[in-house]
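Undergrad: Based on what follows, work out the 3D shape:
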Amino acid sequence: MTRTPTAPTGAALRAYLAASRAIPLVARPALRRRLARGKELPDRWREKLGEPGLPRPDGPLVWLHAVGLGETLALRGLIAAMADQAPGLEFLVTSGTRGSAEVFGANLPPRTRHQFLPLDAPPFLARFLDHWRPALSVWAEQDLWPGAVVATARRGIPLALVNARMNYAAFTRRRRGAGLFGDLLARFALIAAQDQGTARHLAQLGARDVRITGSLKAAAPPLTADRGQLERLGSVLADRPVVLLASSHPEDEAVTLAALRRLHRRPLLLIAPREPSRGAEIAAQVAALGLRASRRGAGQGPEADVWIVDTLGEMGLWYRLSPITLVGGSFGATEGHNPWEPAALGSAILHGPRIGNFSTDYARLHAADAALQVDAETLGPALVADHSPMAARGRALSTAARGELVPLARDLLALGGLS
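TA: From the prediction side, this is the model:
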């Protein structure tokens, strides 16, 4: 088995590890306050204290960590590629947010379970590692918790960093703590970046032999959907053209609603806000423009001009029902959201001009004529055009990307002695 390399523990990392010993003093009160605000799951918050919520399965287990919802869902393609090559392998996925736990729980790959990552304190991490005993630890993007990385490496568990993405702004922030970040990167035996820029930034922070493997999000399997709901809504909407504004922010909604008002024959617009709690706010905005709004979160159906689908964990349903998806975050400072979720389900991809967070992904889509950039003037006609050839090309790219994960999966299995 290849082991995680020996790595330095400089002054910044030593100071962090010393300070982390105080975390248990405040952990329980802090988590209870979050629980009272609805930010923790009542039956699972103790997982953040390292207390397991599930039994450990028999056999070798790979532990994968991602910080939030999108990053967690992106791991599914890699899990599938590893499972294909090692049929007896079990998987544990950890993340930090309630939303990621709820949505990932509805999209679990076979032989996979989810837990929350413990707070970064020695007793919580020891309890977690004692229970799960992973043969390999895989971290996604660059959300590295120093205590967890060090505790894992000390046990001789190989570490890998995959799907790393670091733009210049993120690099500049981490460069101020380069000693700490470099000490952590030195503990990873395999580092895979999404693009050349990230690879260069990681190397400047101390990483060695960074490979470029592209985005895991491109290779994620399609999101699931409730079959009964899909059939019922498919029947209800059979005679109406449908378009979806996905992961929307106020800037996206303003541009899209203005374009919708200018159309003589309007499709039904589904708005899936990035924050479902904004449903009532969006409904009021729609009404102020003289359009009819309804909210799924309030138990209302699609009998309106705009149906606000302000629920969690149903994006697979909306992509299947919508031949066209305008991917949100692309008309404001958010700089885009994941275009591969609609691509995997054959929904044609439209987006605004601001896509900095997914520039590499969109470059790949545009090179294959599998996405269309729109602005305030061109959006309206694009909402009612036939984009089915473009949708087919996007779906083909997503399918091909899943096959491209085979070499990375093979190397990860070899790193953990699991091949």
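Undergrad: For Asp84, see how far away Pro109 is.
TA: 11 Å (C-beta to C-beta, to the nearest Å). Where you see a C-beta, it was placed from the backbone N, CA and C, and this is true even at glycine.
Undergrad: So the two - more neighbours on which side?
TA: The neighbour comparison of Pro109 against Asp84 (other C-beta atoms under 10 Å) goes to Pro109, with 17 against 12.
Undergrad: To which secondary structure element type does the more buried one belong?
TA: coil (DSSP: H, G, I helix; E, B strand; the rest coil).
Undergrad: which residue sits closest to it, ignoring its sequence neighbours?
TA: Closest residue to Pro109 apart from its sequence neighbours, by C-beta to C-beta, 6 or more residues apart in numbering: Ile79 at 4.7 Å.
Undergrad: And for the protein, the residue most distant from the center?
TA: The outermost residue of the chain, judged against the average C-alpha position, is His264 (36.9 Å), by C-alpha atoms, centre = their mean.
Undergrad: least trustworthy helix or strand in this structure by mean pLDDT?
TA: The helix or strand with the lowest mean pLDDT-type score in the chain, counting by mean pLDDT, DSSP states H and E, is helix 168-175 (a mean of 89).
Undergrad: Which positions within it qualify as buried?
TA: The neighbour-count criterion (16 or more other C-beta atoms under 10 Å) identifies 171, 174 as the buried residues of helix 168-175.
Undergrad: just to revisit the earlier point, check the gap between the residue nearest to Pro109 and Leu223 for me.
TA: In this view, Ile79 and Leu223 are 15 Å apart by C-beta to C-beta.
Undergrad: secondary structure element for Ala18?
TA: Under the criterion DSSP states H and E, the helix or strand holding Ala18 is helix 11-19.
Undergrad: Which strands or helices does that helix pack on?
TA: Other helices and strands packing on helix 11-19, by 3 or more C-beta pairs under 8 Å, 6 or more residues apart in numbering; DSSP states H and E, are helix 146-154, helix 178-185.
Undergrad: Find the centremost residue of the chain, please.
TA: Of all residues in the chain, the one closest to the mean position by C-alpha atoms, centre = their mean is Gly70, 1.1 Å from it.
Undergrad: mind listing the strands for the stretch 301-419 of the chain?
TA: With DSSP state E, counting those that start in this stretch as the criterion, the stretch 301-419 of the chain has strands at 306-308, 324-327, 348-351, 372-373.
Undergrad: Tell me the secondary structure of His264, please.
TA: Relying on three-state DSSP, one would call His264 coil.
Undergrad: and if you look at Arg21?
TA: helix.
Undergrad: Can you check the pLDDT for it?
TA: Each residue has a pLDDT score; the one for Arg21 is 97.
Undergrad: Number the residues from 24 up from this point.
TA: I'll keep to 24 as the first residue from here, and by that count the last item is Arg44.
Undergrad: can you pull the contacts of it?
TA: 144-145 (C-beta atoms under 8 Å, 6 or more residues apart in numbering).
Undergrad: can you pull the buried residues of whatever helix or strand the residue nearest to the centre of the chain lives in?
TA: Under the criterion of DSSP H and E, Gly93 resides in helix 92-108. Going by neighbour count (16+ other C-beta under 10 Å), the buried part of helix 92-108 is 92-106.
Undergrad: likewise stretch 184-192?
TA: Of the residues in stretch 184-192, those buried under the neighbour-count criterion (16+ other C-beta under 10 Å) are 184-189.
Undergrad: and if you look at stretch 163-177?
TA: Within stretch 163-177, the residues that qualify as buried by neighbour count (16+ other C-beta under 10 Å) are 163-165, 167-176.
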